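**Student:** This is a predicted model, with the sequence first.
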Amino acid sequence: MDYDYNDRKQASVYSKRLKAGKRRTYFFDVRETRGNDFFLTITESRKRVNEDGYDRHKIFLYKEDFNKFQKALSEAVDHVKHDRVPDYDF
């Protein structure tokens, strides 16, 4: 998957798709910068209700934030799993 960003093409060097329900899909794409650096884009794609097409929302995550992001995400997920809905079968 390629996309335009500031008038230049960037190709994914790794891509993972996650279907989540009937209308939602998440894409995790590793991309390379001109300076041979890497970053992650996380895209949520949702099929529009009663319309054609999709709504897309992107997060750009840079390598210097990977550990902080992963830690915060894990803490938030663990809070839901253990403190909010401990009886739910994940």
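**Tutor:** Thanks, I have the structure now. Residues are numbered from 1 along each chain as shown.

**Student:** For this protein, which segments are assigned as strands?
**Tutor:** 2-5, 8-20, 24-32, 38-47, 54-62 (DSSP state E).

**Student:** Any idea which of those strands has the lowest pLDDT on average?
**Tutor:** When the strands of the chain are ranked by mean pLDDT, strand 2-5 comes last with a mean of 53.

**Student:** follow-up on the earlier one: mind putting the strands of the chain into CSV with mean neighbour count and distance to Glu75?
**Tutor:** Backbone N, C-alpha and C define where each C-beta goes, glycine included. What follows is these, written out as CSV (neighbours: other C-beta atoms under 10 Å; distance: least, C-beta to C-beta, whole Å):
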stretch, mean neighbour count, distance to Glu75
strand 2-5, 11, 30
strand 8-20, 11, 21
strand 24-32, 16, 20
strand 38-47, 16, 17
strand 54-62, 12, 16
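
**Student:** Could you export the ones you listed to a markdown table, including columns for distance to Lys71?
**Tutor:** As requested, the strands of the chain are exported to a markdown table (distance: least, C-beta to C-beta, whole Å):
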| stretch | distance to Lys71 |
| --- | --- |
| strand 2-5 | 27 |
| strand 8-20 | 20 |
| strand 24-32 | 18 |
| strand 38-47 | 15 |
| strand 54-62 | 13 |
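
**Student:** Of all these, which one is nearest Arg84?
**Tutor:** Arg84 lies closest, by C-beta to C-beta, to one member of these: strand 8-20, at 19.0 Å.

**Student:** Report the angle between that closest one and strand 38-47.
**Tutor:** Counting by axes from the mean of the first three to the mean of the last three C-alpha atoms, to 10 degrees, strand 8-20 lies at 50 degrees to strand 38-47.

**Student:** Going forward, the N-terminal residue is numbered 26.
**Tutor:** Got it, the first residue is 26 from now on, which makes the last one we talked about strand 33-45.

**Student:** Put the alpha carbons of strand 33-45 into PDB.
**Tutor:** Provided in PDB are the C-alpha atoms of strand 33-45 (Å, rounded to 0.1, in the frame of the first residue of the first chain):
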ATOM      1  CA  ARG A  33       6.200  12.200  -2.100                       C
ATOM      2  CA  LYS A  34       5.300   8.500  -2.300                       C
ATOM      3  CA  GLN A  35       6.100   6.200   0.600                       C
ATOM      4  CA  ALA A  36       5.700   2.400   0.400                       C
ATOM      5  CA  SER A  37       5.000   0.100   3.300                       C
ATOM      6  CA  VAL A  38       7.900  -2.100   4.200                       C
ATOM      7  CA  TYR A  39       5.600  -4.200   6.400                       C
ATOM      8  CA  SER A  40       1.800  -4.300   6.600                       C
ATOM      9  CA  LYS A  41      -0.700  -6.100   8.800                       C
ATOM     10  CA  ARG A  42      -4.500  -5.900   8.400                       C
ATOM     11  CA  LEU A  43      -6.900  -6.700  11.300                       C
ATOM     12  CA  LYS A  44     -10.600  -7.100  10.600                       C
ATOM     13  CA  ALA A  45     -12.600  -6.000  13.600                       C
END
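
**Student:** Thanks a lot, see you next time.
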